[in-house]
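>>> Return atomic coordinates for the entry below.
(2 chains)
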Amino acid sequence: MRKILVTSALPYANGSIHLGHLVEYIQTDIWCRYQRMISNEIYYVCADDTHGTPVMLRAEKENITPENLVEQVHQEHSQDFSDFNVSFDNFYSTNSIENKELSETIYKKLTSNNKIEKKEIEQFYDSKKEMFLPDRYIKGECPKCKAVDQYGDSCEECGSTYNPTDLINAYSVISGTAPIKKKTDHYFFKLSECTDFLEKWTKSGTLQPEASNKLNEWFKAGLSNWDISRDAPYFGFEIPDAPGKFFYVWLDAPIGYMASFKKLADEKNLSFDEYWKKGSDTELIHFIGKDILYFHALFWPATLSYSGFRVPSRVYAHGFLTVNGEKMSKSRGTFITARSYLNTIKNPDYLRYYYFSKLNDSMEDIDLNLEDFIAKVNSDLVGKFINIPSRTSGFIKKYFNNTLVPTNEISIQDAKVIVDDLIAIKDEVISLYEARLFSKLNRLLMSYTEKVNEYVNRLEPWVLAKNNDEHRSMSQLHQVCSAALQAFRVLSIYYSPIMPDLILKIAEFYGESSYQSIDAIHENIKNISDYNHLLTRLDKDAIDLMLGQNSS
RNA sequence: GGUGAUGUAGCUCAGUUGGUUAGAGCGCAGCAUUCAUAAUGCUGAGGUCGAGAGUUCAAAUCUCUCCAUCACCA
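Next comes the predicted model:
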């Protein structure tokens, strides 16, 4: 039995969860649910990423404390995840006592390992607001094309990159005053000294090939030291023995993975060390978006390694979500929040299925094409999958009082084959889940769903039912429909990590509570309940309503 | 600008180490069927595999150039 700790990236506490975020949580959740079904010991943790300037400023604007803001957002995020059936073992916050302690511990270890240095730097400063300004809070005219209102790092009009110092008529986004330059001491993590370790770690099978390519680029450029401190005012953890200096949010964010597990371990009486001590033989797997590869494949393993902890076993990066082939956009209404989806479309299984049908192990972007979404839900799920019990259970009720012929008593060759073939693909299903080749797995499962429908057409139970005075015909009818329903049950077990709500209803239809193990496929089922419609078709009006809720 | 990726039927995507007439689902057309939420099954139309050049007996697949789209640049 494997012992695995899995994480999804921490959502930032400055905004709502949207469908782009959900790609990752759904991908991770499916993988975790699959691991539970093959009886591995797995813990899935996450947390809100709470620190930094944006949260501080938003709280100020709303006239509440950052702690209050972070708490409100945590409620909202928790509800969103729970409504999408994301099965975290713990969804915590980086603004926690565990995280503070762990961050301090790690920082002290890095210091004693001589991996931290103090250096004076010069930074922009808003003298009215009395705070240092991150690059994105400075705007001005692009030095190349003179476009106005461009950010301090790059121009959105002409695409050129530069330093904030190059901007013409630079101003602070916060107070509107011209920023001045001011000297200050910052703390740096000496990442450049970790190059050998990191080159080795990144090439030891921890990353996808594309991710590894990407890192080569960074190694070629040479790793520079990492600025891990920010000056007050800053919402975060104060650095020990450095009054007025705070940990940069990206230092304590990944430590939030540990802190979330620490909290869980304390509650559940698990061993924290078993999962985090150096050389641990448990697995640590991070699911992330490709945009934060830098942090998870360089800073994070280096931080762990030089503070005496274990390093991640795997980092799985996925691509971004586009909607109708374009970047999500507030003006097009395609910046779709999790909540607006739940309000209008209601069923989380639809989105979970759609993402499942498109995800794989690569960093490629995936597209949510809304027409395709409707078509997939209606034809795959309603037309084909749910159609199996819908078209066969009536006979079982009418002629056989809801009793089924158990799989091991089915004798008609065609009927036997339709169930046995499905049971026989178990290992293939497992290996596709394991490798995160979800779209490929879906093609496999959907091809079997089609086979069952073909089989029903071929065996024509409605014809057998017309000859209901003949004994032989009735026995055949019983077997033909039972086999379809037994096959449907096996398919449902294979699909259970994908669509928890739907599969729960299906389990109840078979008189079961849920499918804990994939080996449930081998059980012989003898009864069903009356069939009620399991899914409704997805209507375009619901989609339009959803888009409407997101356009401002 | 640099780097990494992507570009296959109307749409969303498969195409293993280069090898017979390039595949699937949806959509479309026709047929069958009526058990099922007009659901299902069968048949068919539809592609110079982004463009050009090269290597090879053979290229969607390898090489080069170009074009387009996307992302990253701490």
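>>> List the buried residues in stretch A:499-511.
For stretch A:499-511, a neighbour-count test (16 or more other CB atoms under 10 Å) marks A:499, A:500, A:502, A:503, A:504, A:506, A:507, A:509, A:510 as buried. Every residue, glycine included, has its C-beta placed from N, CA and C.
>>> In helices, which of these appear?
Using DSSP state H, A:500, A:502, A:503, A:504, A:506, A:507, A:509 are the members of the buried residues of stretch A:499-511 that sit in helices.
>>> of the residues you listed, closest to RNA strand B?
residue A:502 (10.1 Å; CB to the nearest atom of the strand).
>>> Without its sequence neighbours, what residue ends up closest to the closest one?
Leaving out its chain neighbours, the residue that sits closest to residue A:502 by CB to CB, 6 or more residues apart in numbering is residue A:349, at 4.8 Å.
>>> So is the helix or strand that contains the one you found next to RNA strand B?
Using DSSP states H and E, residue A:349 maps to helix A:348-358. Yes: applying CB under 7 Å from any atom of the strand, one finds helix A:348-358 touching RNA strand B at residue A:358.
>>> helices or strands next to that helix in the packing?
Judged by 3 or more CB pairs under 8 Å, 6 or more residues apart in numbering; DSSP states H and E, the packing partners of helix A:348-358 are helix A:19-37, helix A:338-344, strand A:366-368, helix A:438-459, helix A:500-509.
>>> ok, back up a step: so how far is RNA strand B from the residue nearest to residue A:502?
In this view, residue A:349 and RNA strand B are 12 Å apart by CB to the nearest atom of the strand, to the nearest Å.
>>> ditto for residue A:40
26 Å.
>>> which ones are touching that residue?
A:1, A:2, A:3, A:4 (CB atoms under 8 Å, 6 or more residues apart in numbering).
>>> Over to residue A:407?
Counted by CB under 8 Å, 6+ apart, residue A:407 has contacts A:419, A:423, A:483, A:486, A:524, A:525.
>>> The last one and RNA strand B: what is the separation?
Spelled out, it's residue A:525. Distance from residue A:525 to RNA strand B, by CB to the nearest atom of the strand: 20 Å.
>>> Setting aside sequence-adjacent positions, which residue approaches that residue most closely?
residue A:510 (5.3 Å).
>>> Likewise for the third one?
Counting by CB to CB, 6+ apart, residue A:415 is the residue found nearest to residue A:483 once chain neighbours are left out, at 3.6 Å.
>>> Which other helices and strands does the host helix or strand of the one you found contact?
Assigned by DSSP H and E, residue A:415 belongs to helix A:413-424. The contact analysis (3+ CB pairs under 8 Å, 6+ apart) places helix A:413-424 against helix A:438-459, helix A:471-495.
>>> Can you lay out these as JSON lines showing mean neighbour count and distance to RNA strand B?
Below are the helices and strands packed on helix A:413-424 laid out as JSON lines (neighbours: other CB atoms under 10 Å; distance: least, CB to the nearest atom of the strand, whole Å):
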{"stretch": "helix A:438-459", "mean neighbour count": "17", "distance to RNA strand B": "4"}
{"stretch": "helix A:471-495", "mean neighbour count": "23", "distance to RNA strand B": "9"}
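>>> so which of those comes closest to residue A:92?
For those, proximity to residue A:92 was assessed by CB to CB; helix A:438-459 is nearest, at 27.2 Å.
>>> Give me the contacts around the closest one.
A:27, A:30, A:355-360, A:380, A:384-385, A:387-388, A:391-392, A:414-415, A:418, A:421-422, A:425, A:428-429, A:432-433, A:480, A:483-484, A:487-488, A:491, A:494-495.
>>> what does stretch A:241-256 give?
Looking at stretch A:241-256 with CB under 8 Å, 6+ apart, the contacting residues turn out to be A:10, A:47, A:49, A:51-52, A:92-94, A:96, A:99, A:102-103, A:106-107, A:185-187, A:189, A:227-232, A:234, A:236-239, A:295-296, A:299-300, A:303.
>>> Tell me the buried residues in that stretch?
Residues of stretch A:241-256 classed as buried by neighbour count (16+ other CB under 10 Å): A:245, A:246, A:247, A:248, A:249, A:250, A:251, A:252, A:253, A:254, A:255, A:256.
>>> In CSV, list the C-alpha atoms belonging to it.
Extracted as CSV, the C-alpha positions of stretch A:241-256 are listed here (Å, rounded to 0.1, in the frame of the first residue of the first chain):
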residue,chain,number,x,y,z
ASP,A,241,14.7,39.0,14.8
ALA,A,242,14.0,41.4,12.0
PRO,A,243,11.4,43.9,13.2
GLY,A,244,9.4,45.5,10.3
LYS,A,245,10.4,42.8,7.9
PHE,A,246,8.0,40.1,6.7
PHE,A,247,8.2,36.9,4.8
TYR,A,248,7.3,37.4,1.1
VAL,A,249,4.0,35.6,0.5
TRP,A,250,5.6,33.0,-1.8
LEU,A,251,7.9,31.8,1.0
ASP,A,252,5.1,30.9,3.4
ALA,A,253,2.5,29.8,0.7
PRO,A,254,4.0,26.4,-0.1
ILE,A,255,4.8,25.9,3.6
GLY,A,256,1.0,26.1,3.8
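>>> Please determine whether that stretch lies in contact with RNA strand B.
No: against RNA strand B, stretch A:241-256 shows no contacts by CB under 7 Å from any atom of the strand, the least distance being 7.9 Å.
>>> Run the chain-centre distance for stretch A:544-552.
Distance of stretch A:544-552 from its chain centroid, counting by CA atoms, centre = their mean, to the nearest Å, is 24 Å.
>>> Report the buried residues of it.
So for stretch A:544-552, counting by 16+ other CB under 10 Å, buried means A:546, A:547, A:549, A:550.
>>> Going by distance to RNA strand B, which of those residues wins?
Nearest member of these to RNA strand B, counting by CB to the nearest atom of the strand, is residue A:547, at 16.8 Å.
>>> Help me confirm that the closest one comes into contact with residue A:334.
Yes: using CB atoms under 8 Å, residue A:547 is in contact with residue A:334, at 7.0 Å.
>>> which one of the contacts of residue A:40 has the most neighbours?
residue A:4 (20 neighbours; other CB atoms under 10 Å).
>>> Residue A:239: what's it in contact with?
Contacts of residue A:239 (CB under 8 Å, 6+ apart): A:107, A:187, A:229, A:245, A:246, A:247.
>>> Could you measure from it over to residue A:184?
To residue A:184, residue A:239 is 13 Å away according to CB to CB, to the nearest Å.
>>> Residue A:319 too?
In terms of CB to CB, residue A:319 sits 38 Å off from residue A:184.
>>> before we move on, what about residue A:362?
When distance is defined by CB to CB, residue A:362 is 42 Å away from residue A:184.
>>> do residue A:123 as well
6 Å.
>>> In the stretch 1-150 of chain A, which residue sits nearest RNA strand B?
residue A:135 (8.4 Å).
>>> do the stretch 101-250 of chain A as well
For the stretch 101-250 of chain A, CB to the nearest atom of the strand, closest residue to RNA strand B: residue A:217, 3.5 Å.
>>> Now do the helix or strand harbouring that residue: distance to the chain's middle.
For residue A:217, the enclosing helix or strand under DSSP H and E is helix A:209-221. Relative to the centre of its chain, helix A:209-221 is centred 24 Å away, using CA atoms, centre = their mean.
>>> Give the residues shared as contacts by residue A:123 and residue A:184.
Joint contacts of residue A:123 and residue A:184 (CB under 8 Å, 6+ apart) are residue A:132.
>>> low pLDDT regions in the stretch 101-250 of chain A?
A:144-145, A:153-162 (pLDDT under 70).
>>> just to revisit the earlier point, could you tell me which of the contacts of residue A:239 are located in strands?
Counting by DSSP state E, those place A:187, A:229, A:245, A:246, A:247 in strands.
>>> With distance to residue A:343 added, can I get those in CSV?
Formatted as CSV, the ones in strands among the contacts of residue A:239 follow (distance: CB to CB, whole Å):
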residue, distance to residue A:343
A:187, 45
A:229, 42
A:245, 44
A:246, 38
A:247, 38
